[in-house]
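*Asks:* here is a sequence together with a model predicted from it:
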Amino acid sequence: MAKRTTRRPTQFTSAIAKAIGARLAAGETLRAICRDPAMPREAVVRGWAAQRPAFAGELRRARELGYATLADELLEIADAVLAGGSGNDKGRGRPGTDAVQCARLRIETRKWLLARALPGLWGERPDAGEKAAGERPLSYEALVLASIKESDK
């Protein structure tokens, strides 16, 4: 018996656009969404965004919400490894080195993505003595506090 395959959608519909937006807002990547056989291929969705500015704007807003979901996951990942207390730490009730390294990789990857996607919120902060574009110079008090924090490291 021949295996029936379902065809992926290629025609833009508001229902598909809303489903893609909802999944992006939930933190799923476009690539993961488009792996779903019920969804269009990634190239099709990107083509829709290129041809339809309103859809591109919806995708952009959905991604921003998805980035907030990724930011929320940072704390959950760290808390989960601490709450787990399992691993190869010789029964001391602490997470093992492998679990900590895995959590660190997951956190750092998300932070890297957030810093590039939303540099105003997650990008590198300027040093105490530097002035970021559009900012006023730091006050004397701020410089003193920054130097105290630096010396405490």
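*Replies:* Cool, got the structure.

*Asks:* now the element after the longest helix that the chain contains, going C-ward?
*Replies:* Using DSSP state H, we find that the single longest helix of the chain is helix 53-84. Moving toward the C-terminus from helix 53-84, the next helix or strand (DSSP states H and E) is helix 97-117.

*Asks:* which neighbouring elements make contact with that following helix?
*Replies:* Packed against helix 97-117 by the contact rule (3 or more Cβ pairs under 8 Å, 6 or more residues apart in numbering; DSSP states H and E) you find helix 53-84, helix 119-122. (Glycine included, C-beta is placed from N, CA and C.)

*Asks:* for residue 95, which of these is the nearest?
*Replies:* Smallest distance to residue 95 across the helices and strands packed on helix 97-117 (Cβ to Cβ): 4.8 Å, for helix 53-84.

*Asks:* list the buried residues of the closest one.
*Replies:* Neighbour-count burial for helix 53-84 flags 55, 58, 59, 62, 63, 66, 67, 70, 71, 74, 77, 81 (criterion: 16 or more other Cβ atoms under 10 Å).

*Asks:* try stretch 108-116
*Replies:* For stretch 108-116, burial by neighbour count (16+ other Cβ under 10 Å) applies to 110, 114.

*Asks:* now the helix or strand harbouring residue 15, how far from the chain's geometric center?
*Replies:* Assigned by DSSP H and E, residue 15 belongs to helix 14-25. How far helix 14-25 lies from its chain's middle: 18 Å, per Cα atoms, centre = their mean, to the nearest Å.
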